[in-house]
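Student: Pasting the sequence and the predicted model now:
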Amino acid sequence: MKLIVDLKENSYPIYIENRILKHAADYISQVFTGKRIMILSDDQVYPLYGHGLKESLSSYECHTLVLPHGEQTKSFQTLPLIYSAMLEAKISRSDLVIALGGGVIGDLAGFAASSFLRGVRLVQIPTSLLAQVDSSVGGKTAVDLPQGKNLVGAFYHPRLVLIDPDVLDTLPRRFIHDGMGEVIKYGCIKDPLLFHTLKKHGSFENLKGQLASVICRCVDIKRAVVEADQFDTGERMLLNFGHTLAHTIEQYFHYGRESHGEAVAIGMYQITKLAEEKGLTPAGCAESIREVLEAYGLPCECGVSLSDLTAAITLDKKNLNNRLNVVLLHEIGDSYVYPTDAGFFEGEFLV
């Protein structure tokens, strides 16, 4: 399956195909004619797929940097290590960076590529479900600060995205669940049929036979949204459903307890429940979301007082001119942006 993100001079292809990783060099040669490549990966992914990728790229001068896995690596302090490795490898603006990994590596490598020498070509090869359905597409790159998630970043589109569903066979079960948080999000905001397909299958094991088509549907939704709103000022905000709370939950636990997809799951359910109480979303939506989240092994609560999370919400990127844009549902599959402020989240109850 081939999709094109049509952004004029920033357009790029996305290929979704089982075992495509073995043929990565054929696709990369279509978008890159230079000689040096820097592969950025982590210590869990590289032993599985990095050596094979590097061998397939034997006609190029390949360099590698393998970083520790986990959200803690996606920090401002990691960037000098990447820049030093790129300098040592003599990477120039005519060369290429490949992000081989999940969302952390994709975001981190993307931001490093965007900022090194004011821009080096980038290819995304996402190896987690979350990265395949969401973070590898759309050009958002970032690192975290102690005060919040993704507060330093840039819009920087790849030249190519290669998605191989087969690599998910080696993904730990928890991170299958993690990725399903974003898959369920797409059903909630844009596609009631996808949501009901997920509900009908009832588990990842039952869904697996349709996994490539589910990934493709999520990517196609994101492609359309990004084409309509490249810089996240309008419709693209809908992709942040659940994220206003999710990012604060991740930060509250110093990125060490809930994964991103787990935090998004909690955020989607809790925000929808709040919206129902305020009469902004019809009754029953939160319960439908809870049923699907639990079917796919995702949490709906984290046991933290809402008041303990609100300070970080004021630093959220979606907080513009003291106005906070929260994504809510008209119904499952139909979302909207609700302008409000941090007072939307006032309360002493547990989330």
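Tutor: Cool, got the structure. A quick note: this is a predicted structure, and the numbers were derived from the prediction, not measured.
Student: Report the buried residues of stretch 66-85.
Tutor: Neighbour-count burial for stretch 66-85 flags 66-67, 69, 71, 73-74, 78-79, 82, 85 (criterion: 16 or more other C-beta atoms under 10 Å). In this view, the C-beta of every residue, glycine as well, is placed from N, C-alpha and C.
Student: next one: stretch 159-179
Tutor: The neighbour-count check on stretch 159-179 (16+ other C-beta under 10 Å) flags 159-165, 167-168, 171, 175-179 as buried.
Student: biggest separation within those, which pair?
Tutor: Spatially, the most separated pair among the buried residues of stretch 159-179 is Arg159 and His177, at 31.1 Å (C-beta to C-beta).
Student: would you list the buried residues of stretch 66-85 in CSV and tack on pLDDT?
Tutor: Formatted as CSV, the buried residues of stretch 66-85 follow (pLDDT from 0 to 100):
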residue, pLDDT
Val66, 98
Leu67, 98
His69, 94
Glu71, 89
Thr73, 94
Lys74, 94
Thr78, 96
Leu79, 96
Ile82, 97
Ala85, 97
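Student: Among those, find me the one that's closest to His196.
Tutor: Looking across the buried residues of stretch 66-85 and measuring by C-beta to C-beta, the closest to His196 is Glu71, at 31.9 Å.
Student: Quick check: that closest one touching Asp144?
Tutor: Yes. Taking contacts as C-beta atoms under 8 Å, Glu71 lies within contact range of Asp144: 7.1 Å.
Student: residues shared between the contacts of these two?
Tutor: Tyr255 (C-beta atoms under 8 Å, 6 or more residues apart in numbering).
Student: Please name the nearest non-neighbouring residue to Thr64.
Tutor: Ile39 (4.7 Å; C-beta to C-beta, 6 or more residues apart in numbering).
Student: Just want to check the distance between the residue nearest to the spatial centre of the chain and Asn18.
Tutor: Nearest to the mean C-alpha position of the chain, counting by C-alpha atoms, centre = their mean, stands Ser135 at 2.7 Å. Distance of Ser135 to Asn18, given as C-beta to C-beta, to the nearest Å: 21 Å.
Student: Next: Ala246.
Tutor: 30 Å.
Student: Settle it for me: which of those two has more neighbours?
Tutor: Counted by other C-beta atoms under 10 Å, Ala246 and Asn18 do not tie: Ala246 has more neighbours, with 28 against 12.
Student: How about the contacts made by that one?
Tutor: Residues near Ala246 by C-beta under 8 Å, 6+ apart: 260, 263-264, 266-267.
Student: at 6 Å instead, please
Tutor: Each residue near Ala246 by C-beta atoms under 6 Å, 6 or more residues apart in numbering is listed here: 263-264, 267.
Student: any chance of these in CSV, plus secondary structure?
Tutor: Listed next are those as CSV, based on DSSP: H, G, I helix; E, B strand; the rest coil:
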residue, secondary structure
Ala263, helix
Val264, helix
Gly267, helix
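Student: just curious, which of these is nearest to Tyr60?
Tutor: Val264 (36.6 Å).
Student: Does that closest one touch Gly242 like I think?
Tutor: Yes. Contact status for Val264 versus Gly242: in contact at 4.5 Å, counting by C-beta atoms under 6 Å.
Student: Which residue ranges make up the domains of this structure?
Tutor: 2-170, 173-345 (automatic domain parsing).
Student: Regarding Ile98, what is its secondary structure?
Tutor: strand.
Student: which residues in the chain form strands?
Tutor: 2-5, 12-16, 36-42, 61-67, 96-101, 121-126, 140-145, 148-155, 160-163, 319-320, 323-331, 334-340 (DSSP state E).
Student: Buried deepest among those strands, which one?
Tutor: Between the strands of the chain, strand 96-101 has the highest mean count of neighbours, a mean of 29, where neighbours are mean count of other C-beta atoms under 10 Å.
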